[in-house]
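> show me how the following folds:
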Amino acid sequence: MARLTIEDCATQRAPGRMLRRLEQDIKTLLERRFAVEDITFTQWIALKVVRDGAISNPGELARELNITTGATTRLIDTLEERGLILRDRNAEDRRVVGLKVTPAGEAMVAKIGQIVVAGWNELIADFEEDEVTQFASMLSRLLMVAERMLGKENTGFAGETGE
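Got it, this is the predicted structure:
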């Protein structure tokens, strides 16, 4: 069984710090690629997770993106105004709001997805295919353990290899 020591958590090798920095750097790299597009990286992620069925309502979207409910409302408003997403109010209880990607949103996910995949492929170019598969598997397992420790439901990441 693997164990870390305090030496393994030294500033330059601390797993949490490396993951946080990696997330920030990847987001910055991908946002640069989005600079010429008419959609932001965050908007694309929102469309993708709704389209893929990982997210079904505004509250889940706020948690997924780690943004406030107010920011989520503004994000959904923008996507809705552009015809990329729809609020789907429950007929029995109009307070219950679902989210659905429109055909235009589907087209945007597909178009911009190519930019995201190209960015990831550039990032992992120095790795062997089995290394990428193993890394994704380890991240998935780590996420499942963390969520289990937090008492969260399984998010469906097991076996998935990335976004």
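> all helices of the protein, in order?
Taking DSSP state H to define them, one finds helices in the chain at 15-34, 41-51, 58-65, 69-81, 103-123, 129-149.
> now do the fifth one: everything it contacts.
If I follow you right, that is helix 103-123. By C-beta atoms under 8 Å, 6 or more residues apart in numbering, the residues outside helix 103-123 that reach it are 26, 29-30, 33-34, 37, 39, 44, 47-48, 50-51, 79, 82-85, 101, 162-163. The way it works is simple: take the backbone N, C-alpha and C, and place the C-beta from them, glycine included.
> can I get the helices of the chain in TSV including mean pLDDT, mean neighbour count and distance to Asp93?
Putting the helices of the chain into TSV (pLDDT from 0 to 100; neighbours: other C-beta atoms under 10 Å; distance: least, C-beta to C-beta, whole Å) gives the following:
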stretch	mean pLDDT	mean neighbour count	distance to Asp93
helix 15-34	90	12	36
helix 41-51	96	22	20
helix 58-65	94	16	15
helix 69-81	96	15	18
helix 103-123	94	15	25
helix 129-149	94	13	28
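> distance to Arg95 added to those helices, as JSON lines?
Formatted as JSON lines, the helices of the chain follow (distance: least, C-beta to C-beta, whole Å):
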{"stretch": "helix 15-34", "distance to Arg95": "33"}
{"stretch": "helix 41-51", "distance to Arg95": "19"}
{"stretch": "helix 58-65", "distance to Arg95": "11"}
{"stretch": "helix 69-81", "distance to Arg95": "14"}
{"stretch": "helix 103-123", "distance to Arg95": "24"}
{"stretch": "helix 129-149", "distance to Arg95": "28"}
